[in-house]
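> how would this look folded up:
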Amino acid sequence: MRGEAELRADTEQGLAALSSLGLRPRVWRAPWGDVTATTKRLAAEHDLELWGWSFDSHDWRGDGREQMLDALAATGGLGDGEVVLMHDGIGPGARRGGCEETIGLTTALLDLAAAADLRPVTVSELAAPAVRS
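The predicted model follows:
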């Protein structure tokens with residue numbers, strides 16, 4: 001678990017980087033999805049709504065696209081309002097060397113969504129926060 005000073009520095013660095021691009025996020029997934037008194041306080045200080053996810057792809061650990069799709073199917077498959085946790089980089093704790101499998105998963109999820117007549121949206125477009133499972 002990160003301490004408050006480290007979480008604060010990480011959060012403020014990320015917000016500053018986004019601000020430099022003219023972006024102001026409204027929602028925030030706390031590091032590792034940890035919802036604590038500290039992350040709640042930081043979210044409130046920066047007027048951010050804490051969000052979670054309904055399916056963790058585990059892409060960070062190097063799972064392959066098919067393995068991630070099988071895990072999704074085991075939870076009931078892709079449904080309306082599903083928030084899928086995926087990572088676009090290689091960060092602390094990552095056990096993978098690249099993002100190729102995540103890119104493949106993204107393509108497969110878009111195909112599944114189209115087949116189920118689901119429309120992909122941004123987190124901001126969803127009506128209510130997802131709950132981490």
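> what's the local residue count around the nearest residue to Gly89 once chain neighbours are set aside?
Using C-beta to C-beta, 6 or more residues apart in numbering and skipping residues adjacent in sequence, the residue nearest Gly89 is Cys99, 7.2 Å away. C-beta here means a position set from N, CA and C on the backbone, and glycine is covered the same way. Per other C-beta atoms under 10 Å, the neighbour tally for Cys99 reads 18.
> buried sites along stretch 24-39?
By neighbour count on 16 or more other C-beta atoms under 10 Å, the buried set for stretch 24-39 is Trp28, Arg29, Ala30, Pro31, Thr38, Thr39.
> list of residues touching that stretch?
For stretch 24-39, the surrounding residues in contact (C-beta atoms under 8 Å, 6 or more residues apart in numbering) are 1-2, 4, 7, 10-11, 15, 18, 42-43, 46-53, 85, 123-124, 129, 132.
> which parts of this structure are strands?
For the chain, the strands defined by DSSP state E occupy 27-28, 49-50, 55-56, 84-85.
> okay, the ones you listed, which one's buried deepest?
strand 55-56 (a mean of 21; mean count of other C-beta atoms under 10 Å).
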